[in-house]
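Asks: task: produce atomic coordinates for the following.
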Amino acid sequence: MSEYEEEVILKELQKCGLHLRRLKNKLYRYCEKRVFVKGSTILKLYAKIEETQREYNRLDNRLIELENAQ
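Replies: Numbering: from 1, shown residues only. Below you'll find the model as predicted:
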């Protein structure tokens with residue numbers, strides 16, 4: 001069961017990492033365009049990045065716990 005759980009968490013971690021990279025790239029593109037972007041748009045995007053980063057860290061910590069338990 002633990003090996004299966006590790007695989008599931010690893011897949012979730014990879015998805016979360018991909019989502020995080022996409023959000024960060026989107027933020028960078030907004031900043032590079034040098035066109036008017038509402039501050040609220042940037043703040044919402046930043047909040048999503050922070051939330052995704054927390055989820056990524058949670059999954060990473062869980063994976064480390066599983067590896068250490070073996």
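Asks: measure Glu6 to Ile42 for me?
Replies: 36 Å (CB to CB, to the nearest Å). C-beta here means a position set from N, CA and C on the backbone, and glycine is covered the same way.
Asks: ditto for Arg34
Replies: For Arg34, the distance to Ile42 equals 13 Å [CB to CB].
Asks: likewise Glu3?
Replies: 42 Å.
Asks: higher neighbour count, the two?
Replies: Between Glu3 and Ile42, counted using other CB atoms under 10 Å, the more crowded position is Ile42 (13 against 9).
Asks: just give the nearest non-adjacent residue to the more buried one, would you?
Replies: Spatial nearest neighbour of Ile42, excluding adjacent residues (CB to CB, 6 or more residues apart in numbering): Tyr30 at 6.5 Å.
Asks: now name the helix or strand holding that neighbour.
Replies: Using DSSP states H and E, Tyr30 sits within helix 2-33.
Asks: per-residue confidence for the residue nearest to Ile42?
Replies: You'll see Tyr30 listed with a pLDDT of 84.
Asks: so who does Ile49 touch?
Replies: 20, 23-24, 27 (CB atoms under 8 Å, 6 or more residues apart in numbering).
Asks: mind telling me what element it is part of?
Replies: Assessed by DSSP H and E, Ile49 sits inside helix 39-69.
Asks: now this protein, which segments are flagged as low pLDDT?
Replies: Filtered on pLDDT under 70, the chain yields the residue ranges 1.
Asks: residue contacts, Ser2?
Replies: Ser2 neighbours (CB under 8 Å, 6+ apart): 66, 69-70.
Asks: now those residues as CSV including neighbour count?
Replies: Putting these into CSV (neighbours: other CB atoms under 10 Å) gives the following:
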residue, neighbour count
Leu66, 15
Ala69, 8
Gln70, 7
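Asks: ok, these vs Leu10, which is closest?
Replies: Lowest distance from Leu10 to the contacts of Ser2 (CB to CB) belongs to Leu66, with 9.6 Å.
Asks: wait, isn't the closest one in contact with Val8?
Replies: No. Using CB atoms under 8 Å as the test, Leu66 is too far from Val8 to be in contact (10.2 Å).
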